[in-house]
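> Structure of the sequence below:
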Amino acid sequence: TRRSRHGMGGLLSVAQHVGRAIASEDEVRQMVVICGKNEEVKAKLERGPWHANLRTRIVGFVNNMDQWMLASDIIVTKAGPGTIAEATVCGLPIMLSGFLAGQEEANVTYVVDGHIGEFRPDPKELGARVSAWLADTTLLSMMAANSKRAGRPSASLDIATSILDVMTTHGRPGSPGLNIPETPPKEG
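Numbering: from 1, shown residues only. This next block holds a predicted model:
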């Protein structure tokens, strides 16, 4: 997979191919590209050119990714676990463009085997598949439903609760914060 200093490797090529593939003579479509801190790619994408019926919004780093996801029909991303978790909470079909070897490979399997999305490392093929998804509302709905079922919106709270439960019921004597006496020891 390609790597970049900031965010999703190959973003420029992926965005250009998706834009070309989903542009339609028959209907107006919209594509949002979030470039993060990659100002060079952002500037190139802002210059276009884009099809007349493709409304593009090119943005840099955002603090409200959840809102962007909720406004989307599909997400195209690399196989980062945080993004996949957020996308499933939002019920988004996920098109994976790449992964970090050794760290994110299992995430590809999770998405593909869960019928939440696909993995297409070739940008031209990826764009064609995204276009096919948009044309197949049944497939898109099925992947969205699978994604939503896979989402765990309270995962962080559940993990913290489990850790606290283990700490308070199975703590070792003398461990910081564990087995704290109900009354402070008497000084003497």
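> Counting neighbours, what do you get for Ser97?
24 (other C-beta atoms under 10 Å). In short, each C-beta sits where N, CA and C put it, glycine included.
> Could you point out which residue ranges in the protein have low pLDDT?
Low-confidence segments of the chain (pLDDT under 70): 1-9, 169-185, 188.
> for Ala15, what are its contacts?
Ala15 makes contact with Met31, Val33, Val41, Leu45 under the criterion C-beta atoms under 8 Å, 6 or more residues apart in numbering.
> Shouldn't the first one be within a strand?
This means Met31. Yes - counting by DSSP: H, G, I helix; E, B strand; the rest coil, Met31 falls inside a strand.
> hang on, the earlier thing: can you tell me which two in the contacts of Ala15 are farthest apart?
Across those, the longest distance by C-beta to C-beta is 14.3 Å; it joins Met31 and Val41.
> Spell out, range by range, the strands that occur in this protein.
29-34, 54-59, 75-77, 94-96, 117-119 (DSSP state E).
> tell me what the fourth one is packed against?
The contact analysis (3 or more C-beta pairs under 8 Å, 6 or more residues apart in numbering; DSSP states H and E) places strand 94-96 against strand 75-77, helix 81-89, helix 105-113, strand 117-119, helix 123-135.
> One more pass at 7 Å, please.
strand 75-77, helix 105-113, strand 117-119, helix 123-135 (3 or more C-beta pairs under 7 Å, 6 or more residues apart in numbering; DSSP states H and E).
> Adding neighbour count as columns, could you present the contacts of Ala15 in a markdown table?
Formatted as a markdown table, those follow (neighbours: other C-beta atoms under 10 Å):
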| residue | neighbour count |
| --- | --- |
| Met31 | 21 |
| Val33 | 21 |
| Val41 | 23 |
| Leu45 | 21 |
